[in-house]
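Colleague: can't give you the sequence, but here's the structure:
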């Protein structure tokens, strides 16, 4: 994120689960820290992790370096937060709880990253509160993290449409796990994703980036994300390079 235009809060939402939200969040945090910005990461609801086990906030800190982590609720079963809370007999997190925690963290930190659980409209509570409601309360931009391959265009289009229906503008799209050997659908999606989202393509994080040693992860993060997120990645150059490589392979 560039000087003068840096948002204080960015909400990171996926089009689904296990598509790279945490690694993308860590890359953004690493780049912000490299520029001297203080960073907090808020996870409204962590599911599928037991007491004492490291969750997504801990993974961001491991990869990006010291950040303040805020986890509002933890439920052991890997389910939607509202479902996991109900089955655990625990109190559900509500959008206002999350928004208040983010606002508090923003007083002391220059950047607050809010990582969702699953997709944008996954239910947090019995009343149907979602990450989209958190973004509305915060008036914060939402970064959409999407998978690379076939089927991703519909999920991104629906996510962007749901945001705009609530008056929230998508910040852009990042491919959360770019394969070493992208197929035809993945390569075409680089052109089509910004069209269906009507928002810029802001990065492609390599598959397996989260397994890199932290110092290597931090050193390479700028190559994966666009200047709007603090990096040097260029969508046009990245796409053109893939086209050249594919033509040469033919």
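Modeller: Yep, it's here. Not measured: the values here are computed from a predicted model. Numbers count the residues shown, from 1 in each chain.
Colleague: Break down this protein into its strands, ranges please.
Modeller: With DSSP state E as the criterion, the chain has strands at 9-14, 39-43, 46-47, 68-71, 74-75, 111-119, 142-146, 170-178, 201-206.
Colleague: Tabulate those strands (CSV), appending distance to residue 228, mean pLDDT and mean neighbour count.
Modeller: For glycine as for every other residue, the C-beta is placed from the backbone atoms N, C-alpha and C. Output for the strands of the chain, formatted as CSV (distance: least, CB to CB, whole Å; pLDDT from 0 to 100; neighbours: other CB atoms under 10 Å):
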stretch, distance to residue 228, mean pLDDT, mean neighbour count
strand 9-14, 10, 97, 25
strand 39-43, 17, 98, 26
strand 46-47, 28, 96, 23
strand 68-71, 23, 96, 18
strand 74-75, 32, 96, 22
strand 111-119, 13, 95, 26
strand 142-146, 9, 98, 28
strand 170-178, 7, 97, 25
strand 201-206, 6, 98, 24
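Colleague: Turn those into TSV, columns for distance to residue 29.
Modeller: Listed next are the strands of the chain as TSV, based on distance: least, CB to CB, whole Å:
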stretch	distance to residue 29
strand 9-14	10
strand 39-43	5
strand 46-47	17
strand 68-71	10
strand 74-75	20
strand 111-119	6
strand 142-146	12
strand 170-178	14
strand 201-206	13
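Colleague: what residues are up against the closest residue to residue 152 other than its chain neighbours?
Modeller: In this structure, residue 152 finds its nearest non-sequential neighbour in residue 146, 4.9 Å apart by CB to CB, 6 or more residues apart in numbering. By CB atoms under 8 Å, 6 or more residues apart in numbering, the contact list for residue 146 reads 14, 15, 19, 152, 155, 156, 173, 174, 175, 176, 193.
Colleague: Relative to residue 57, how far out is the last one?
Modeller: Read it as residue 193. Distance of residue 193 to residue 57, given as CB to CB, to the nearest Å: 27 Å.
Colleague: again with the first one
Modeller: Using CB to CB, one obtains 16 Å as the distance from residue 14 to residue 57.
Colleague: returning to that earlier point: which one of residue 193 and residue 57 has more residues nearby?
Modeller: Neighbours were counted for residue 193 and for residue 57 using other CB atoms under 10 Å; residue 193 has more, 26 against 22.
Colleague: Make sure the more buried one is actually in contact with residue 149.
Modeller: No: the criterion here is CB atoms under 8 Å, and residue 193 misses it with residue 149 at 11.4 Å.
Colleague: Help me confirm that residue 160 comes into contact with residue 154.
Modeller: No: using CB under 8 Å, residue 160 is not in contact with residue 154, being 11.0 Å away.
Colleague: Do I have it right that residue 172 meets residue 228?
Modeller: Yes: shown here, residue 172 and residue 228 form a contact pair, counting by CB under 8 Å, at 6.5 Å.
Colleague: so what's in contact with the two at the same time?
Modeller: Residues touching both residue 172 and residue 228 (CB under 8 Å, 6+ apart) are 200, 202.
Colleague: who's in contact with residue 197?
Modeller: Residue 197 touches 144, 156, 157, 159, 160, 170, 172, 173, counting by CB under 8 Å, 6+ apart.
Colleague: of those residues, closest to residue 53?
Modeller: residue 144 (27.7 Å; CB to CB).
Colleague: Could you check how far that closest one is from residue 231?
Modeller: Residue 144 is 17 Å from residue 231, by CB to CB.
Colleague: Any idea how far apart the tips of stretch 87-97 sit?
Modeller: The straight-line separation of the ends of stretch 87-97 (CA to CA, to the nearest Å) is 20 Å.
Colleague: buried stuff in that stretch?
Modeller: By neighbour count on 16 or more other CB atoms under 10 Å, the buried set for stretch 87-97 is 88, 92, 93, 94, 95, 97.
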